[in-house]
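Enquirer: Okay, sequence plus prediction incoming.
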Amino acid sequence: MSKGNFPIDKFQKIQTPFYYYDMELLDKTLTTVKEETAKYGFTEHYAIKANANPTLLKHIASYGFGADCVSGGEVKAALEAGFDPAKIVFAGVGKADWEIETALDGGIFCFNVESVPEAEIINAIAGAKGKKACVEIRVNPNVDAHTHAKITTGLSENKFGINLSQLPMVIGKIESLENLELIGLHFHIGSQITDMHVFEALCTKVNEIVEELASAGRTFSNLNFGGGLGIDYQDPDKHSIPQFKEYFKVFNDNVKRSANVKLHFELGRAIVAQCGTLISKVLYIKEGEVKKFAILDAGFTELIRPAMYDAYHSIENITSNDAEDVYDVVGPICESSDVFAKERKLNKAKRGDLFALRSAGAYGEVMASQYNLRTLPKAYFSNNQNSI
């Protein structure tokens, strides 16, 4: 989706800031994932935490994706959007009782369990309902994802999952709980991973874990490798579709498994990031002694990733073809961290110009807040509800 493909005339009639979703690109992305997973018989679950917009959820569900949820609210949203309960998984270190009850009542596929106390509570609640809950154990394989510290999840010092030294004990405990059925292992080492060697290392480690457990007589029918596949934030037009082909091939080529073992994946960012763009208007151009500031009407209340992770997003002035100038692109929020980019070359900007903050479909709208009593951004779609 290049600069020329935005319906700029229509954008200028809409109150900014807002999110715009290229549904044609989303369709192409979803089709690619389905084609690649079908080659190997893999099961794909969409990670709802990346973007929970109801229109997008219904669209993704229509492709037959499962759902990866990390809260009771996400379980409810998945069920309401039409995701098959038999393909919904529920992870998270702090599942409240009502969330567990919601998932059990909804008939989800399984819980990804992250501690013994959690397993005991799921067992008790399932027993009270006369049900048996399927669970997978989330394991910390201690594989370094080589990504940002705040989105690394598979190391032994992270809050997530069970460390390898504790795994035999936890397996034994869960097997002793009569209202739980242990069906698999779950792994997720982090996000925004673009080096396929990291996933190869994960496969090698998982093979070792599975083989060691098999030697002790414990086998599993499901292996869930989470997500983590990254996207190209630098050049979203050149790489609008992530490396799905290479990603799934790594697991097919490297995971040792028998025919009855199913592999699951929980992709979020890779599905929705590139189809979403935050559109914002220039309020002021402020010239200091050293810098020029392009002050937008969007801030970290609409897109928090740069403030939270120092994340890079490609930014375009889509209403100017003038020669380039250099700006710090900032928002209106009363915090010094409300900065989208520093010293960014952009077409010369003026009040009223529209800026497009690209690759914002993941962890953008879903993390928006009303800090400073801001209004939550609306969403528009290229060929769907609220279309423009």
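Expert: Structure's in. What do you need?

Enquirer: CA only for contacts and neighbour counts going forward, please
Expert: OK.

Enquirer: helix/strand/coil for Ile174?
Expert: helix (DSSP: H, G, I helix; E, B strand; the rest coil).

Enquirer: Equivalent analysis for Val135, please.
Expert: Assignment for Val135 (three-state DSSP): strand.

Enquirer: Pull the contacting residues for it.
Expert: Going by Cα atoms under 8 Å, 6 or more residues apart in numbering, Val135 touches 110-113, 180-184.

Enquirer: how close does Gly161 sit to Pro141?
Expert: According to Cα to Cα, to the nearest Å, Gly161 and Pro141 sit 9 Å apart.

Enquirer: re the thing from before, now, which of the contacts of Val135 sits nearest Leu267?
Expert: Closest approach to Leu267 among those (Cα to Cα): Asn112, at 15.5 Å.

Enquirer: give me the element the closest one is part of.
Expert: Using DSSP states H and E, Asn112 sits within strand 110-113.

Enquirer: partners of that strand in the sheet?
Expert: Note on strand 110-113: by DSSP bridges, its sheet partners are strand 88-90 (parallel), strand 133-140 (parallel).

Enquirer: who wins for proximity to Gly331 among these?
Expert: Taking the strands paired with strand 110-113 one by one with Cα to Cα, strand 88-90 is closest: 35.4 Å.

Enquirer: Can you give the contact residues for that closest one?
Expert: 45, 66-71, 75, 78, 103, 108-112.

Enquirer: picking up where we left off before, please convert the strands paired with strand 110-113 to TSV, extending it with distance to Val33 and mean pLDDT.
Expert: Below are the strands paired with strand 110-113 laid out as TSV (distance: least, Cα to Cα, whole Å; pLDDT from 0 to 100):
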stretch	distance to Val33	mean pLDDT
strand 88-90	18	98
strand 133-140	24	97
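
Enquirer: Would you mind measuring from Ala86 to His197?
Expert: 32 Å.

Enquirer: now swap in Ala311 and tell me
Expert: Where His197 is concerned, Ala311 sits at a distance of 23 Å (Cα to Cα).

Enquirer: Could you list the low-pLDDT ranges of the stretch 251-388 of the chain?
Expert: By pLDDT under 70, the weakly predicted segments of the stretch 251-388 of the chain are 384-388.

Enquirer: now the helices for it?
Expert: For the stretch 251-388 of the chain, the helices defined by DSSP state H, counting those that start in this stretch cover 269-272, 305-309.

Enquirer: Dump those helices to a markdown table, plus mean neighbour count and distance to Arg374.
Expert: Shown next, in a markdown table, are the helices of the stretch 251-388 of the chain (neighbours: other Cα atoms under 10 Å; distance: least, Cα to Cα, whole Å):
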| stretch | mean neighbour count | distance to Arg374 |
| --- | --- | --- |
| helix 269-272 | 28 | 25 |
| helix 305-309 | 16 | 17 |
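
Enquirer: now those helices in a markdown table, with distance to Val135?
Expert: Shown next, in a markdown table, are those (distance: least, Cα to Cα, whole Å):
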| stretch | distance to Val135 |
| --- | --- |
| helix 269-272 | 25 |
| helix 305-309 | 32 |
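
Enquirer: Return the residues in contact with the residue nearest to Gly276 when sequence neighbours are not counted.
Expert: Among residues not flanking Gly276 along the chain, Gly361 sits closest, at 3.7 Å (Cα to Cα, 6 or more residues apart in numbering). Counting by Cα under 8 Å, 6+ apart, Gly361 touches 21, 50-51, 269, 272-277.

Enquirer: same thing but 7 Å
Expert: Residues in contact with Gly361 (Cα atoms under 7 Å, 6 or more residues apart in numbering) are 51, 272-277.

Enquirer: Ala201 and Ile189, how far apart?
Expert: 11 Å.

Enquirer: Can you get me a residue count around Lys131?
Expert: For Lys131, the neighbour count with other Cα atoms under 10 Å is 16.

Enquirer: Could I have the ChimeraX command that selects the buried members from the contacts of Val135?
Expert: Buried residues within these, by 16 or more other Cα atoms under 10 Å, are selected in ChimeraX with:
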select :110,111,112,113,180,181,182,183,184
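
Enquirer: for the contacts of Val135, which one is nearest Trp98?
Expert: Checking those against Trp98 by Cα to Cα gives Phe111 as the nearest, at 14.0 Å.

Enquirer: Is the closest one bridged to anything, and to what?
Expert: Where Phe111 sits in a bridge, its partners, by DSSP bridges, are Phe90, Val135.

Enquirer: Look up phi and psi at the spatially closest residue to Val170 that is not a sequence neighbour.
Expert: Of all residues not flanking Val170 in the chain, Val116 sits nearest, at 6.5 Å (Cα to Cα, 6+ apart). When read as degrees, to the nearest 10, the backbone of Val116 gives phi -60, psi -50.
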